[in-house]
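Student: 3D, please:
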Amino acid sequence: MAVLKKNKIVVVGAGNVGESVVFSLMLKRVTNEVVMIDLNEDRAEGSAYDLADATAFYHHTTIRKGGYEECADAEIIIITAGIARKPGQTRLDLAKTNVSIVEGITKNIMQHADDPIIIVVSNPVDVLTYIVQKNSGLPANRVIGSGTTLDTARLRRLLSEKCDVSITDVNAYILGEHGDTQVPIWSRATIGEEDLVTYMKKLDANVNLDEIAETAKKGGATIIAKKGATFLGIAMCTARIAEAILKDENAVLPVAHVLGEEYGEWSDVAISLPTVVNKSGIVRTIDIPLSDAEKEAMNVSAKTLRDFTNDVMN
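Tutor: Numbering: from 1, shown residues only. Below is the predicted model:
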């Protein structure tokens, strides 16, 4: 598989998520240079060494430790640094600590980078995506939050298992907040080309969509309770976003960015919608029809995020 010539990626944060993101990027063969930055330089160097050993099987990729000056010629900068969510803690509870961390990271990035694309992974990702965009001064389309990519992946996996079909034939989204007010879009979900509800009526199994949505929403908390942290799923989602950018794919992904005035009640908040992603970042959003209930749920999600973000900034 060909690798683009100019595709350097900087990953800020060498913890479990950062390491897993770099490993996923290597497996996808989309970059030939990754630089890891961490306040704990020994951790960054150790992570880079460990991952470099794996490049014996993916020899086109170089992985090393570096400083913020490496952002100057990076195609993509991925922010994974921050305090991890603890069992029983919501993503929004993390904000007051992680906002100050990410503000400092953004300042350091922009001292060296010129019009980069930044992918925000640190939680609460929607709030931090807003903070990074406002503090960086970058256009909203060049600051991308991982948003509900992981929630959507979980939903599609659960539906594929319940419906006994390949996950590649499931088309369904979770939009809104990456958190408690996320919104499953059942009205537009399909299995193959068939409407999800129609398909499920043909199944003998008793499938409860509300239970599936709740399982997807609580997926992260379930993993944290059992193993202490989540990092593999979000790492692959992040690598997928980076791949869409580096390969100029025009891929449709449920990622977050700060919405403009044209979005009305959803404006000036970072929230996930289906968006077209390519080498320029976010090109446009896909305006999919929603049911009245879904529209109202999205309004609630946007208001929740806006209110909390304002409290943090104030």
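Student: can we go C-alpha only for contacts and neighbour counts from here?
Tutor: Noted.
Student: Is it correct that residue 175 falls within a helix?
Tutor: No. With DSSP: H, G, I helix; E, B strand; the rest coil as the criterion, residue 175 is assigned strand and is not in a helix.
Student: which residues does it contact?
Tutor: If you count contacts by CA atoms under 8 Å, 6 or more residues apart in numbering, residue 175 has them with 148, 152, 182-185, 254, 271-274, 298.
Student: try 7 Å this time
Tutor: Residues counted as contacts of residue 175 (CA atoms under 7 Å, 6 or more residues apart in numbering) are 148, 182-184, 254, 272-273.
Student: Could you do residue 165 as well?
Tutor: For residue 165, no residue meets the contact criterion (CA under 7 Å, 6+ apart).
Student: Check the spacing between it and residue 192 real quick.
Tutor: For residue 165, the distance to residue 192 under the criterion CA to CA, to the nearest Å works out to 9 Å.
Student: cool, and residue 154?
Tutor: Here residue 154 is placed at a distance of 18 Å from residue 192 (CA to CA).
Student: between these two, which one's more packed in?
Tutor: Ranked by neighbour count (other CA atoms under 10 Å), residue 154 and residue 192 place residue 154 first, with 22 against 15.
Student: phi, psi of that one?
Tutor: Listed backbone geometry of residue 154 is phi -60, psi -40, with angles given as degrees, to the nearest 10.
Student: Give me the nearest residue to it, chain neighbours excluded.
Tutor: Once its chain neighbours are removed from consideration, residue 154 has its nearest residue in residue 216; the separation is 5.6 Å (CA to CA, 6 or more residues apart in numbering).
Student: Number of residues surrounding that neighbour?
Tutor: Burial of residue 216 is recorded as 24 neighbouring residues (other CA under 10 Å).
Student: Renumber starting at 255 from here on
Tutor: Shifting the count to begin at 255 puts that one at residue 470.
Student: Pretty sure it sits against residue 406.
Tutor: No. With contact defined as CA atoms under 7 Å, residue 470 and residue 406 do not form a contacting pair (8.1 Å).
Student: taking the contacts of residue 429 one by one, which sit in strands?
Tutor: The strands in this structure, assigned by DSSP state E, contain 437-438, 508, 526-527 from the contacts of residue 429.
Student: From those residues, pick the one nearest residue 305.
Tutor: Nearest to residue 305, judged by CA to CA, of the ones in strands among the contacts of residue 429 is residue 508 at 28.8 Å.
Student: Now do the strands in this structure.
Tutor: For the chain, applying DSSP E gives strands covering 263-266, 287-291, 316-319, 330-333, 371-374, 397-399, 424-425, 428-429, 437-438, 444-445, 448-449, 505-512, 524-532, 535-539.
Student: which one's the longest helix in this protein?
Tutor: helix 546-567 (DSSP state H).
Student: Just name whatever secondary elements that helix is in contact with.
Tutor: In terms of contacts (3 or more CA pairs under 7 Å, 6 or more residues apart in numbering; DSSP states H and E), helix 546-567 is packed against strand 437-438.
Student: For the strand it packs on, name the packing helices and strands.
Tutor: Applying 3+ CA pairs under 7 Å, 6+ apart, one finds that strand 437-438 makes contact with strand 428-429, helix 546-567.
Student: what do you get if the cut-off is 10 Å, keeping everything else the same?
Tutor: Helices and strands in packing contact with strand 437-438 are listed as helix 403-417, strand 428-429, helix 463-471, helix 546-567; criterion 3 or more CA pairs under 10 Å, 6 or more residues apart in numbering; DSSP states H and E.
Student: Distance from the chain centre to the last one, please.
Tutor: What that stands for is helix 546-567. On the basis of CA atoms, centre = their mean, to the nearest Å, helix 546-567 sits 18 Å off its chain's mean C-alpha point.
Student: hmm, who's touching it?
Tutor: Outside of helix 546-567, the residues within contact range by CA atoms under 10 Å, 6 or more residues apart in numbering are 346, 349-351, 353, 380-382, 384-385, 429-441, 518-526, 543-545, 568.
Student: Give me the neighbour count for residue 464.
Tutor: Residue 464: 10 surrounding residues under other CA under 10 Å.
Student: Export the helices and strands packed on strand 437-438 as CSV, with columns for distance to residue 291.
Tutor: CSV is the format used below for the helices and strands packed on strand 437-438 (distance: least, CA to CA, whole Å):
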stretch, distance to residue 291
helix 403-417, 24
strand 428-429, 31
helix 463-471, 31
helix 546-567, 26
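Student: filter the ones in strands among the contacts of residue 429 to the buried ones?
Tutor: Buried residues within the ones in strands among the contacts of residue 429, defined by neighbour count using 16 or more other CA atoms under 10 Å: 437-438, 508, 526-527.
Student: tell me the contacts of residue 278?
Tutor: Contacts of residue 278 were listed using CA under 10 Å, 6+ apart, and they are 272, 284, 486-494.
Student: pLDDT, distance to residue 455 and neighbour count added to those, as TSV?
Tutor: Formatted as TSV, the contacts of residue 278 follow (pLDDT from 0 to 100; distance: CA to CA, whole Å; neighbours: other CA atoms under 10 Å):
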residue	pLDDT	distance to residue 455	neighbour count
272	95	42	27
284	90	41	26
486	95	34	17
487	96	31	18
488	96	32	23
489	97	35	24
490	97	33	21
491	98	31	23
492	98	35	27
493	97	36	23
494	98	33	21
